[in-house]
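> No letters, just coordinates:
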Ligand SMILES: [Zn+2]
C-alpha cells in the first residue's frame, strides 16, 4: 500500500476547517515538493448541495495552482470533508475525480467525537486506499 505522509500542522489545519463547517463540505488543495505535502490551499465550495458534495470555485482553484507554482510546489492531494457521511469516496467523488496523480483526502465528521481521515487514489472511478502517516 502506498503511503501519504502529512505534516501534523497541516492535518490540524484541515481538521479545523472541517470542524468549523459542521453542515457543509469544505475543500481545497494540498501542494508540496517531491510528492511531500507541505501547504494547504482552502477553496470555496460552490456546489449547490454543499451538505453532500463539493465543487471547487474555479477561479480560486486556478489561483491556488498559480500560488503553488510560485512556491515550486505541485499538487499532492485534494481534500474535502464529509459532514454526514463516512470517510469513503462517494459515487460523485469517484465520478468527478479529475486528478489520477493526486491523492484524495477525506475527513469525516460523521463519527461522534472522533474525526476520521482517509486517503485514496482514484483512477478510472476506482478508489484505492492509501496508508496515512503523520509526520
Ligand atoms: Zn466526498
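Cool, the structure landed. What you see is a predicted model, and the numbers here were worked out from it, not measured in a lab.

> Residue 13 and residue 38 touch, don't they?
No - with contacts counted by C-beta atoms under 8 Å, residue 13 stays clear of residue 38, the gap being 11.5 Å. (Each C-beta comes from the backbone N, C-alpha and C, glycine too.)

> Can you give me the distance of residue 92 to residue 63?
To residue 63, residue 92 is 24 Å away according to C-beta to C-beta, to the nearest Å.

> Tally up the residues packed near the residue of the chain found nearest the ion, please.
Closest approach between the chain and the ion, counting by C-beta to the ion: residue 93, at 4.1 Å. Residue 93 has 21 neighbours, counted by other C-beta atoms under 10 Å.

> what helix or strand is it on?
Assessed by DSSP states H and E, residue 93 sits inside helix 91-96.

> which helices and strands does that helix pack with?
strand 126-134 (3 or more C-beta pairs under 8 Å, 6 or more residues apart in numbering; DSSP states H and E).

> strand partners of the strand it packs on, parallel vs antiparallel please.
strand 3-6 (parallel), strand 116-123 (antiparallel) (DSSP bridges).

> Identify the bridge partners of the residue nearest the centre of the chain.
Note on the chain: the residue nearest the mean C-alpha position is residue 79, at 0.6 Å, using C-alpha atoms, centre = their mean. On the basis of DSSP bridges, residue 79 is bridged to residue 28, residue 105.

> That one and residue 39, how far apart?
Using C-beta to C-beta, residue 79 is found at 12 Å from residue 39.
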